[in-house]
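Participant: give me the fold of what follows.
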Amino acid sequence: MKKLLADKAIWRAVPVLFLFVLFAWASSGFAVAARGEKTPAFPTPLGYVSDYAELIDADWQSRIRAVCKELENRTGVEMIVVTISTASPHSHAREYAEGLYKEWHIGSAQQERGMLLLASLKERQAVVVLGRSLLSAVGKPKLDELSTQHLIPMFKNARYGESLYRAAVGLASASGNAIQAITEPKRSSSAGFWMNVAVALAMLFALWRFTRPERRHPFQRWRRGGYWSTGQGGFGGNFGGFGGSTRGQGLS
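Facilitator: Model (predicted):
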């Protein structure tokens, strides 16, 4: 009898449990939907230039791509240029650009060498998002200069392709020069270190040559034939070969 009552109690609880699970699932679904409405999915990248607002003609797109490609090949900095019709539902194009930068993973995660130049037509706003490695390279004075000369006039004269191209050239020049300034001292200091090692070894070898016991009896070595010329020639040849290999590493 007790077992029968227990079984009935279990079956009475099953519908309640089912309704609870259904309600929880529906609530989570509504929450996801609500979040989806607030944060719409970003578009798929189209390469160095993603002209979703169709503001850049083919010729200027080709020029911008060439600048971005050369910059990445030389310095590893990834620059992307994007146009959109509107930043809605975001209140400012900056919010859209920051989200797009993260969504597309612009620039490597290790070095954070990425730049995003975005123009929003409806809001008449242009934004530049920089990776951490480029914050000091492209400072506020440079951004103000590009904004005044190209980005602000762009929305008045409607020369979107040319203006974005010139802004991209300015960003590429500033970031490229900074990256080269960082990497060149490392290369030169490395070459200088090995040159110092070569000079030290040469001095030790010369000291050993002229202080060993046989140096006290030069006529004995002369009688063995050709040792001076061979030794001097060999020494000069070795030093020259080392210097040549050093120049090959970029010293010159």
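
Participant: so where's the stretch 51-200 of the chain uncertain?
Facilitator: 109-111, 177-194, 197, 199 (pLDDT under 70).

Participant: do that again at 80, thanks
Facilitator: Within the stretch 51-200 of the chain, the stretches with pLDDT under 80 are 108-111, 176-200.

Participant: please enumerate the helices of it.
Facilitator: Per DSSP state H, counting those that start in this stretch, the stretch 51-200 of the chain has helices spanning 58-75, 93-104, 140-146, 152-157, 160-211. These are given in chain order.

Participant: could you break the chain into its assigned domains?
Facilitator: Per automatic domain parsing, the domain ranges recorded for the chain read 49-181, 185-251.

Participant: then stretch 142-155 to CSV, C-alphas only?
Facilitator: Extracted as CSV, the C-alpha positions of stretch 142-155 are listed here (Å, rounded to 0.1, in the frame of the first residue of the first chain):
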residue,chain,number,x,y,z
LYS,A,142,48.7,61.8,-36.2
LEU,A,143,45.1,60.7,-35.9
ASP,A,144,44.0,64.3,-35.6
GLU,A,145,46.0,65.2,-38.7
LEU,A,146,44.4,62.4,-40.8
SER,A,147,41.0,63.3,-39.5
THR,A,148,41.3,67.0,-40.3
GLN,A,149,42.9,66.5,-43.8
HIS,A,150,41.0,63.5,-45.1
LEU,A,151,38.3,61.8,-42.9
ILE,A,152,36.2,64.9,-41.9
PRO,A,153,36.2,66.4,-45.4
MET,A,154,35.3,63.0,-46.9
PHE,A,155,31.7,63.2,-45.7
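
Participant: other residues contacting that stretch?
Facilitator: 119, 124, 126, 128, 159-160, 163-164, 166-167, 170-171, 174 (C-beta atoms under 8 Å, 6 or more residues apart in numbering). In this view, the C-beta of every residue, glycine as well, is placed from N, C-alpha and C.

Participant: most widely separated two among those residues?
Facilitator: Spanning the widest gap among the contacts of stretch 142-155 are 124 and 174, at 24.4 Å by C-beta to C-beta.

Participant: contacting residues for the residue nearest to residue 103 when sequence neighbours are not counted?
Facilitator: Distances taken as C-beta to C-beta, 6 or more residues apart in numbering put residue 42 closest to residue 103, at 4.6 Å, once the chain neighbours are dropped. Listed by C-beta under 8 Å, 6+ apart, the contact set of residue 42 reads 99-100, 103-104.

Participant: highest neighbour count among the contacts of stretch 142-155?
Facilitator: residue 164 (28 neighbours; other C-beta atoms under 10 Å).

Participant: count the residues that sit near the residue nearest to that one when sequence neighbours are not counted.
Facilitator: Nearest residue to residue 164, sequence neighbours excluded (C-beta to C-beta, 6+ apart): residue 81, at 5.7 Å. Here the number of neighbours of residue 81 (other C-beta under 10 Å) works out to 26.

Participant: check whether residue 81 really touches residue 45, as I assumed.
Facilitator: No. Shown here, residue 81 and residue 45 do not form a contact pair, counting by C-beta atoms under 8 Å, at 10.9 Å.

Participant: intersection of neighbour lists for these two?
Facilitator: Going by C-beta under 8 Å, 6+ apart, no residue sits against residue 81 while also sitting against residue 45.

Participant: who's in contact with residue 63?
Facilitator: Per C-beta under 8 Å, 6+ apart, neighbours of residue 63: residue 165.

Participant: again, but for residue 77
Facilitator: 71, 107, 113-115, 134, 172, 175-176, 179.

Participant: how near is residue 102 to residue 147?
Facilitator: Note on residue 102: its distance to residue 147, by C-beta to C-beta, to the nearest Å, is 23 Å.
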